[in-house]
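A.B. asks: Just the structure for this:
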Amino acid sequence: MRDNDNQEDGRNLSRRRFLAGTAATAALPLAAQPALGQGEVCEAAGVDCGAVAEGSNGMVVSVSPAASEVGAQVLRDGGNAVDAAIAVQFALNVTQPHSSGIGGGGFMLYYDAAEDSVEIVNSRERAPAGATPDMFLEDGDPIPFDERHTHGNAVGVPGTASGLRRASARYGSRPLDELIDPAIDLAEGTEVDRVLAEEIEKNEWKLNDAAREVFLRDGEALAEGETLEQPDLADTLRLLRDRGIRELYEGEIAEALAETVQDAGGSMTTEDLCRYKATINEPVQGCYRGAEVYSMPPPSSGGLTVIQILNLLAGFDLGETYDVRSGTKYHLLAEAMRLAYADRGEYMGDPEFVDVPMEGLLDPAYVAERRELIGPDALNGDPQPGDPWAYQSGDAASMTQETPRALGHTTHFTVADAEGNLISYTTTIEQLFGSGIMVPEYGFMLNNELTDFDAEPGGANGVEPNKRPLSSMSPTIMARDGEPFLTVGSPGGPTIITSVAQTILHHLEYGLSLADAIDEPSIYAPESPAITLWEESIPEAAREEAAVLGNEWSDESGPIGNVNMLRADDGYEGAADQTRDGLAVGLDEE
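C.D. replies: As a prediction, the model looks like this:
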């Protein structure tokens, strides 16, 4: 494994050849959208793609058909999984500007088949040096969220571009500038899909003038089927391609970004941007049903909480005892979620600033102690955090420090190549369209990630300069006997954790196929308020049964998460959640 931060594009650094001799399949048109009929489009292009796809030589699954095809084409052209993931992320900046981009951050989980190792490229945003613990308070009370998340103080120092540069230098085989080119082409003009049209209309209120010029035409939100042209973003991507990624952290883009944040009331400076550097971290590890689980450590709460939920439920043999849509199953799920979220709120934060009892939270004896609080016939009314420190040994915070150890609103995607390398990558700008602030003349949206900090100071997730806010992103890879066989992840703010946990449970505990595990309705039961959110297909009889056990359901149902999955056995199977019209593209030898 290599890492050279002075190498922008990975030239002459390839350690091995990827996809040697792989024949290119016919390319899917970049403008193809699921609304046009995925099956017909895929068949005409001669590729296996759609909501579910198979491939022996590679797989790309993302929420955006155009981005999925960009990644697939990189694989066809001889790139590896990291190269394809980089190209997908740049493309998502164009096709999913409401959810992802160089103005945000994320977590790339990477399995390197040759090294048999799992590492994280951590590009989580950081608070600027001028951030203060009380900056989201007014007269001692939290500023209303709609006000604080559109203020310059909400914008964290973005990490995505730094993370892509770091991934390219450490693992990539293709020049970085080549991987930016497809996104530049898309930025010149791409079709507005159903979801983007809906989100522009819903969030028009918070867009600044620069963003309104891009996403509105003659004062009206762009509609499905219209062309989204982003010439400023195309020029910005050309600058990153031609001058290097550091242009966003040290050059003219950095100057414009800092000025924009300050104009919106924030404190970010070019020094904050210059200081930023994505890191390489170890995953948090756990077990579930005989499989190893690799996921995000703090500053994400995702991995710890997903694993804890699964282990709490493992003692109930859900698949043997309860129907997948029984009221008692939903009750037990809700109880496990609330206990895990109580620990999450109490103990998790940036390990560079607070000690996190990672070992204790996942200790089997601690999990068993917490499981005793869950009853199959009663509600644990007011879940409190436990005492994982009693099960802690050593310095758990150091587990997330950089090492070459072997082995909101958000989007998630996954990539696999012919060599067995896997990417599970969740990336975000937090809320839809982030802060609503676009950098004028540069065309990209800025995150509101600092509102992931607790508004009130004093806790593990309080605001401090240079600190990373707690995240829920949970890109996950699972393995058996050291062989990876599953990737899973989702967008959805704090519901990410429960979406990932339930999809894993539905696939492994209930034996559902990837597509059925994704489609199976989910719930979300946070620590507080004690109201369970639910998806439409949950039967009324099941909700009534769970209500008898003390569960209170929200009045209306709604979508939770947008999971995609990849299964690796003899070949690859990918599945994309259709609530956002995602696309899986499989690659085969000719």
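
A.B. asks: What segments of the stretch 101-250 of the chain are helices?
C.D. replies: 145-148, 160-171, 176-187, 194-203, 209-215, 231-243, 247-250 (DSSP state H, counting those that start in this stretch).

A.B. asks: Let's have the ones you listed in a markdown table, adding mean pLDDT, mean neighbour count and distance to Leu257.
C.D. replies: Yep, even glycine has a C-beta here, placed from its N, CA and C like the rest. Shown next, in a markdown table, are these (pLDDT from 0 to 100; neighbours: other CB atoms under 10 Å; distance: least, CB to CB, whole Å):
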| stretch | mean pLDDT | mean neighbour count | distance to Leu257 |
| --- | --- | --- | --- |
| helix 145-148 | 92 | 14 | 20 |
| helix 160-171 | 97 | 26 | 11 |
| helix 176-187 | 96 | 22 | 18 |
| helix 194-203 | 93 | 18 | 21 |
| helix 209-215 | 97 | 18 | 12 |
| helix 231-243 | 97 | 19 | 10 |
| helix 247-250 | 96 | 21 | 7 |
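
A.B. asks: now those helices in TSV, with distance to Ser301?
C.D. replies: As requested, the helices of the stretch 101-250 of the chain are exported to TSV (distance: least, CB to CB, whole Å):
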stretch	distance to Ser301
helix 145-148	19
helix 160-171	19
helix 176-187	30
helix 194-203	25
helix 209-215	30
helix 231-243	31
helix 247-250	27
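
A.B. asks: Pass me the low-pLDDT residue ranges in the stretch 351-500 of the chain, would you?
C.D. replies: With pLDDT under 70 as the threshold, the stretch 351-500 of the chain has low-confidence stretches at 378-381, 394-409.

A.B. asks: let's see it at 50
C.D. replies: 395-407 (pLDDT under 50).

A.B. asks: Next, please give the residue ranges for the helices of it.
C.D. replies: Under the criterion DSSP H, counting those that start in this stretch, the stretch 351-500 of the chain carries helices at the ranges 358-362, 364-371, 495-508.

A.B. asks: Any idea which of those helices gets closest to Thr451?
C.D. replies: Checking those against Thr451 by CB to CB gives helix 495-508 as the closest, at 16.0 Å.

A.B. asks: and the closest one, how far from the chain's centre?
C.D. replies: Using CA atoms, centre = their mean, to the nearest Å, the distance from the centre of helix 495-508 to the centre of the chain it belongs to is 14 Å.

A.B. asks: just checking, what packs against that helix?
C.D. replies: When contacts are defined as 3 or more CB pairs under 8 Å, 6 or more residues apart in numbering; DSSP states H and E, helix 495-508 packs onto helix 302-314, helix 327-347, strand 476-480, strand 483-489, helix 514-519, strand 523-524.

A.B. asks: Of the helices of the stretch 351-500 of the chain, flag the one that's most buried.
C.D. replies: helix 495-508 (a mean of 27; mean count of other CB atoms under 10 Å).

A.B. asks: returning to that earlier point: and Glu372, which of the helices of the stretch 101-250 of the chain is closest to it?
C.D. replies: Per CB to CB, nearest to Glu372 of those: helix 145-148, 36.0 Å.

A.B. asks: which other helices and strands contact the closest one?
C.D. replies: For helix 145-148, there are no packing partners by 3+ CB pairs under 8 Å, 6+ apart, so no helix or strand.

A.B. asks: Need the residues that contact it.
C.D. replies: 136, 142, 154, 206, 451, 455 (CB atoms under 8 Å, 6 or more residues apart in numbering).

A.B. asks: Gly586: which of the helices of the stretch 101-250 of the chain is closest?
C.D. replies: helix 176-187 (19.2 Å).

A.B. asks: Alpha carbons of the closest one, in PDB - could you do that?
C.D. replies: Extracted in PDB, the C-alpha atoms of helix 176-187 (Å, rounded to 0.1, in the frame of the first residue of the first chain):
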ATOM      1  CA  LEU A 176      -6.700  12.100 -11.300                       C
ATOM      2  CA  ASP A 177      -7.300  14.600 -14.100                       C
ATOM      3  CA  GLU A 178      -8.700  11.900 -16.300                       C
ATOM      4  CA  LEU A 179     -11.200  11.000 -13.600                       C
ATOM      5  CA  ILE A 180     -12.500  14.600 -13.400                       C
ATOM      6  CA  ASP A 181     -13.200  14.900 -17.100                       C
ATOM      7  CA  PRO A 182     -16.500  13.000 -17.100                       C
ATOM      8  CA  ALA A 183     -17.900  15.300 -14.500                       C
ATOM      9  CA  ILE A 184     -16.900  18.300 -16.500                       C
ATOM     10  CA  ASP A 185     -18.800  17.000 -19.500                       C
ATOM     11  CA  LEU A 186     -21.900  16.400 -17.300                       C
ATOM     12  CA  ALA A 187     -21.700  19.900 -15.900                       C
END
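
A.B. asks: ok now it, how far from the chain's centre?
C.D. replies: 21 Å.

A.B. asks: Can you check what angle separates it from helix 231-243?
C.D. replies: 170 degrees (axes from the mean of the first three to the mean of the last three CA atoms, to 10 degrees).

A.B. asks: Next, the angle from helix 176-187 to helix 160-171.
C.D. replies: 140 degrees.

A.B. asks: picking that back up, dump the helices and strands packed on helix 495-508 to JSON lines, plus distance to Asp185 and mean neighbour count.
C.D. replies: As requested, these are exported to JSON lines (distance: least, CB to CB, whole Å; neighbours: other CB atoms under 10 Å):
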{"stretch": "helix 302-314", "distance to Asp185": "33", "mean neighbour count": "26"}
{"stretch": "helix 327-347", "distance to Asp185": "41", "mean neighbour count": "25"}
{"stretch": "strand 476-480", "distance to Asp185": "31", "mean neighbour count": "22"}
{"stretch": "strand 483-489", "distance to Asp185": "27", "mean neighbour count": "24"}
{"stretch": "helix 514-519", "distance to Asp185": "30", "mean neighbour count": "22"}
{"stretch": "strand 523-524", "distance to Asp185": "38", "mean neighbour count": "26"}
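
A.B. asks: Can I get these in a markdown table including distance to Arg241?
C.D. replies: Output for the helices and strands packed on helix 495-508, formatted as a markdown table (distance: least, CB to CB, whole Å):
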| stretch | distance to Arg241 |
| --- | --- |
| helix 302-314 | 32 |
| helix 327-347 | 40 |
| strand 476-480 | 30 |
| strand 483-489 | 28 |
| helix 514-519 | 35 |
| strand 523-524 | 40 |
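
A.B. asks: what's the closest of those to Lys467?
C.D. replies: Per CB to CB, nearest to Lys467 of the helices and strands packed on helix 495-508: helix 327-347, 15.7 Å.

A.B. asks: just checking, what packs against that closest one?
C.D. replies: When contacts are defined as 3+ CB pairs under 8 Å, 6+ apart, helix 327-347 packs onto helix 302-314, helix 495-508, strand 523-524, strand 531-534, helix 540-548.
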